[in-house]
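Novice: how would this look folded up:
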Amino acid sequence: MIETYRICVPVKAEDVRSAIEMAAEAEELMVDFVEVRMDYMREFNNLSDIACLTNIPLIATFRPRRQGGLFEGRDEERIKALKEAVDAGFSYIDLELNTDGLDKAVEEFKKTGVKIIISHHEFNRTPTISELKRLLSRELSYEPYACKLITYANSLEDNLTCLTFLSRFSKSVRLICFAMGRLGLISRVLSPLYGGFFTFASLKKGLETAPGQPTVEELRRIIKVMEVVGFEDKR
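Specialist: Take a look at the predicted model:
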């Protein structure tokens, strides 16, 4: 594996038991992070069982509909559920930049020691580098552990925007940035090589949580080819 190439597997399970099974599969694949998508779950009892039964760092994400998730309730309900995940032993939480009461939520979560990822998703386009820089500045104002800016590729050139942005700013901040969609596969694959903190890949077909998301197996086949041809970290 190319040095510093990290993979996060998103888990969209309806209950804790299924989440445990999927996390175990991800662990067998030796990925670096597991993101538990709480907006897919019917209930959150025994979240600690997931943390107890895997050694992979867990990211708790409770994505609202407006940012590509399933949850349609109030943000305070999501924050309450994320607190349960933190109490259960999750190492990271993902908080959307447009979360109501984000200031207060970040302040409270920081007291727990959990690592905070501030995220923003654009589902129709890839903003310009100047726009991405402004979004990043807003995220950095909360002093998170990492920042996440995900766009949508309407052209192959949109991949270059994401990778250029990563190359410029990933030296000073842990940054996750790539483009979704069929045309965004290039940036998904290459983002860790341009300084991205990690990229996403699903366990298998049908378990994707975003358009254009490859499976771990597909991603690793591509990485293997890059290693053969001597593709190097571009930071």
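
Novice: Every contact and neighbour count from this point should use C-alpha atoms.
Specialist: OK.

Novice: in the protein, which segments are predicted with low confidence?
Specialist: Low-confidence segments of the chain (pLDDT under 70): 1-3, 228-235.

Novice: Which stretches in it count as strands?
Specialist: Remark: strands assigned in the chain by DSSP state E are 7-11, 33-37, 58-61, 92-96, 115-121, 146-152, 175-180, 199-200.

Novice: check contacts around Val106.
Specialist: Val106 makes contacts with Ile116, Tyr142, as judged by Cα atoms under 8 Å, 6 or more residues apart in numbering.

Novice: Repeat that for Gln213.
Specialist: With Cα under 8 Å, 6+ apart, Gln213 has these contacts: Met180, Gly181, Leu185, Arg188, Phe200, Ala201, Ser202.

Novice: and of the residues you listed, the nearest to Tyr92?
Specialist: Among those, Phe200 lies closest to Tyr92 (Cα to Cα), at 15.3 Å.

Novice: That closest one pairs with what?
Specialist: With DSSP bridges applied, Phe200 shows beta-bridge pairing to Cys8.

Novice: my guess is it meets Ala26, correct?
Specialist: No - Phe200 is beyond contact range of Ala26, at 12.0 Å (criterion: Cα atoms under 8 Å).

Novice: so what sits against both of these two?
Specialist: Going by Cα under 8 Å, 6+ apart, residues that sit against Phe200 and also against Ala26 are Val9.

Novice: With neighbour numbers in mind, choose between those two.
Specialist: Neighbours per residue (other Cα atoms under 10 Å) separate Phe200 from Ala26, with Phe200 holding more: 26 against 23.

Novice: Next, find the distance separating Tyr40 from Pro64.
Specialist: 11 Å (Cα to Cα, to the nearest Å).

Novice: Spit out the residues that contact those two alike.
Specialist: Leu70.

Novice: Take the strands of the chain and lay them out in a markdown table including distance to Cys52.
Specialist: What follows is the strands of the chain, written out as a markdown table (distance: least, Cα to Cα, whole Å):
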| stretch | distance to Cys52 |
| --- | --- |
| strand 7-11 | 16 |
| strand 33-37 | 13 |
| strand 58-61 | 11 |
| strand 92-96 | 15 |
| strand 115-121 | 18 |
| strand 146-152 | 24 |
| strand 175-180 | 27 |
| strand 199-200 | 23 |
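
Novice: which of the ones you listed is buried the deepest?
Specialist: Greatest average neighbour count among those goes to strand 175-180 (a mean of 29), per mean count of other Cα atoms under 10 Å.
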